[in-house]
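Asker: What follows is a predicted protein model with its sequence.
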Number of protein chains: 2
Amino acid sequence: MPVTKVKTNKCFSGHLTKFSAHSESYGLETKFNVFVPEGEGPFSVLYYLAGLTCDEDTGAMKGTFESPAAKHGIALVFPDTSPRGSNSPNDTLSWDFGTGAGFYIDASHPSYAAYQGYTYVTHELPELLRETGLALDLERQGIMGHSMGGHGALTLYLKSGQYRSCSAFAPITNPRLCPWGKKAFAGYLKGGVEEGKEWDATELLGLSRVKEGLRILFDWGDADEFYLSGQLLPENFLNKVKELGVEGVQGRKREGYDHSYYFIMSFAEEHVAFHAKWLKA
Amino acid sequence: MPVTKVKTNKCFSGHLTKFSAHSESYGLETKFNVFVPEGEGPFSVLYYLAGLTCDEDTGAMKGTFESPAAKHGIALVFPDTSPRGSNSPNDTLSWDFGTGAGFYIDASHPSYAAYQGYTYVTHELPELLRETGLALDLERQGIMGHSMGGHGALTLYLKSGQYRSCSAFAPITNPRLCPWGKKAFAGYLKGGVEEGKEWDATELLGLSRVKEGLRILFDWGDADEFYLSGQLLPENFLNKVKELGVEGVQGRKREGYDHSYYFIMSFAEEHVAFHAKWLKA
């Protein structure tokens, strides 16, 4: 499992390094960026999962997470949003399915065997991070994301139980019931949208482990075009939280904000501070 | 001179708005972004000039200037880096000449009549900003930029005398003597590289007004590939400052940093604070 350093940029006295590696989950080469602050470490690890059409550079370049991460002494990891070059059917026909739209699930449909984003991020990526030799504390991991990546952060947090904290910007919280999610599940899953229950944050709130309490923070804007068109459905998630009496979930509707990185940058510092509280506890 | 609002994104409780307008300097439609913080204003104005290949979105999206600007109560203006669609010769043949590479000069060669970036930014853009109706204090302007835009910030500051402060990230400081500048001047100027003295920050230090003292801050990285290949020549500028005994110039070589926005974001807050000191004085 050789990990190759592609390039390094000094950033806030630390370093942002892009790596390339063969992913066994994807069966393909994949890339990821890692920001490691100045100092000896080891540093706890905060993953950022980007949204539709994005890649490993989007959050690193536009998210403005490096400044607060440097301040709190936390490392950041930015994986790509999907396998690339798998030549699966409909791979590159649309922006919301296939390349750039992996939805961080393990596809069960044989045509999409490369789409194993859940296994890649939760299991393989930490191993690749160990291979880098960077001073990371992989016992202390948090996860965040935007839109499709917010769905990723919520579902990986709820399913795997391996992250200390979870936050999201404008997450897709009930994909089984929104157009993006239905399209993704219908394609990637043998059992279609019904099987999608296993990859739906609102459904996953029913997991027995969840009763012990969660550490979830998310924000969305009331001027978000995808919230307004029913892609995000945060109220479904929050209603389920209330119905089940789950503790530790904070979802905040932000007046006037939309779906862009201008929204993300406005709350990036607050999200990193939320994770820092749990990662450094 | 109608100015059209293209879109608005809420950002740090203020707003980032993209405008489109017909530029008389360019003879073409052009775009610019304006960030206005929360509150009544009027807000002093800090321009950001981006580098080669960039446009009005680059600094707005990657520069991370909005957070400190919101904190200091300063507006930001991001113009495009060149006219677009002028169909001048060699307009789109290379990344360092023509479209995206206007060099913020007024071209004197008749083939490049559209390239009037100096007049556009110093004279026309403030008028367009008045037309927007935003709460801007155009008596209080500062200017900053990156690479080619750092050259722009320095030359516009030195030539026009209309800005209170100037800062730059990895600026081209002596374009007459570097490959990028020679190519640009040879193309845009009737008098070629020799005429380029009028658009060369190091040469402009000889202006009589400069003796009164300057307010210039710039940073560059010693791992900057374009510094290392002789495109930036910051020592030439600093030597001239010393030779002429000019006061108020601070140029700092930063260990390990390169030419990227990871470098810019690392010092963005410091640069905005530098301008705030003079803009709000």
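Answerer: Perfect, I can see it now. Residues are numbered from 1 along each chain as shown, chains lettered A, B, ... in the order given.

Asker: can you pull the contacts of the residue sitting nearest the centre point of chain A?
Answerer: Centrality entry for chain A: nearest residue to the mean C-alpha point is residue A:49, 2.9 Å, by C-alpha atoms, centre = their mean. Neighbouring residues of residue A:49 by C-beta atoms under 8 Å, 6 or more residues apart in numbering or on different chains: A:79, A:81, A:104, A:121, A:143-146, A:148-150, A:152-153, A:156. For the C-beta atoms, the positions are set from N, CA and C on the backbone; glycine is no exception.

Asker: ok, of those residues, which one's closest to residue B:222?
Answerer: residue A:79 (31.1 Å; C-beta to C-beta).

Asker: ok, how many other residues are close to the closest one?
Answerer: For residue A:79, the neighbour count with other C-beta atoms under 10 Å in any protein chain shown is 28.

Asker: Output the longest helix along chain A as CSV - backbone C-alpha positions only.
Answerer: Scanning chain A for the helix with the most residues, using DSSP state H, yields helix A:261-279. Coordinates of each C-alpha in helix A:261-279 appear next as CSV, following Å, rounded to 0.1, in the frame of the first residue of the first chain:
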residue,chain,number,x,y,z
TYR,A,261,-18.6,28.2,0.4
TYR,A,262,-19.3,31.8,1.5
PHE,A,263,-21.7,30.1,3.9
ILE,A,264,-19.2,27.5,4.9
MET,A,265,-16.4,30.0,5.5
SER,A,266,-18.7,32.0,7.8
PHE,A,267,-19.0,29.1,10.3
ALA,A,268,-15.8,27.1,9.6
GLU,A,269,-14.1,28.4,12.7
GLU,A,270,-17.1,27.6,14.9
HIS,A,271,-17.2,24.0,13.5
VAL,A,272,-13.5,23.4,14.1
ALA,A,273,-13.9,24.7,17.6
PHE,A,274,-16.8,22.3,18.2
HIS,A,275,-14.6,19.4,17.1
ALA,A,276,-11.6,20.6,19.1
LYS,A,277,-13.7,20.4,22.3
TRP,A,278,-14.2,16.7,21.8
LEU,A,279,-11.0,15.8,20.0
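
Asker: Against which helices or strands is that helix packed?
Answerer: Secondary-structure packing of helix A:261-279 (3 or more C-beta pairs under 8 Å, 6 or more residues apart in numbering or on different chains; DSSP states H and E): strand A:43-49, helix A:58-62, helix A:66-72, strand A:136-146, strand A:165-169, strand A:216-221, strand B:3-11, helix B:66-72.

Asker: who's in contact with the third one?
Answerer: The set of residues that contact helix A:66-72 without belonging to it, under C-beta under 8 Å, 6+ apart, is A:11-14, A:16, A:35, A:37-38, A:46, A:60, A:75-76, A:268-269, A:272-273, A:276, A:280, B:64, B:67, B:262, B:265, B:269.

Asker: circling back to that earlier point, keep only those of the contacts of residue A:49 that are in strands.
Answerer: A:79, A:143-146 (DSSP state E).

Asker: I'd like the residues you listed as JSON lines, with pLDDT appended.
Answerer: Shown next, in JSON lines, are the ones in strands among the contacts of residue A:49 (pLDDT from 0 to 100):
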{"residue": "A:79", "pLDDT": "98"}
{"residue": "A:143", "pLDDT": "98"}
{"residue": "A:144", "pLDDT": "98"}
{"residue": "A:145", "pLDDT": "98"}
{"residue": "A:146", "pLDDT": "98"}
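
Asker: Show the overlap between those and what lies near chain B.
Answerer: Subset of those in contact with chain B: empty, counting by C-beta under 8 Å from any C-beta of the partner chain.

Asker: Highest neighbour count among the residues you listed?
Answerer: residue A:144 leads these on contacts (other C-beta under 10 Å) with 33 neighbours.

Asker: who's in contact with it?
Answerer: Counting by C-beta under 8 Å, 6+ apart, residue A:144 has contacts A:46-49, A:150, A:153, A:166-169, A:271, A:275.

Asker: Adding distance to residue B:182 and pLDDT, write those out as CSV.
Answerer: Output for the contacts of residue A:144, formatted as CSV (distance: C-beta to C-beta, whole Å; pLDDT from 0 to 100):
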residue, distance to residue B:182, pLDDT
A:46, 46, 98
A:47, 46, 98
A:48, 42, 98
A:49, 45, 98
A:150, 49, 98
A:153, 50, 98
A:166, 53, 98
A:167, 50, 98
A:168, 50, 98
A:169, 45, 98
A:271, 46, 98
A:275, 49, 98
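
Asker: For ChimeraX, write the selection for the buried entries among these.
Answerer: Those of the contacts of residue A:144 that count as buried under 16 or more other C-beta atoms under 10 Å in any protein chain shown are selected in ChimeraX with:
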select /A:46,47,48,49,150,153,166,167,168,169,271,275
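
Asker: now, which of the contacts of residue A:144 sits nearest residue A:181?
Answerer: The closest of the contacts of residue A:144, once distances to residue A:181 are taken by C-beta to C-beta, is residue A:150, at 12.2 Å.

Asker: nearest spatial neighbour of the closest one, skipping sequence neighbours?
Answerer: residue A:171 (2.5 Å; C-beta to C-beta, 6 or more residues apart in numbering or on different chains).

Asker: sec struct for that neighbour, please.
Answerer: Look at residue A:171: counting by DSSP: H, G, I helix; E, B strand; the rest coil, its state is coil.

Asker: That one and chain B: what is the separation?
Answerer: Distance of residue A:171 to chain B, computed by C-beta to the nearest C-beta, to the nearest Å: 18 Å.

Asker: What count of nearby residues applies to that residue?
Answerer: 33.

Asker: need the contact list for it.
Answerer: Neighbours of residue A:171 in contact, by C-beta under 8 Å, 6+ apart: A:145-147, A:149-151, A:153-154, A:201, A:218, A:220, A:232, A:234.

Asker: Residues of the stretch 51-200 of chain A that sit close to chain B?
Answerer: Within the stretch 51-200 of chain A, the positions near chain B by C-beta under 8 Å from any C-beta are A:61-62, A:64, A:66-67.

Asker: Which of these sits closest to residue A:253?
Answerer: residue A:64 (21.6 Å).

Asker: Doesn't residue A:129 belong to a helix?
Answerer: Yes - using three-state DSSP, the assignment for residue A:129 is a helix.
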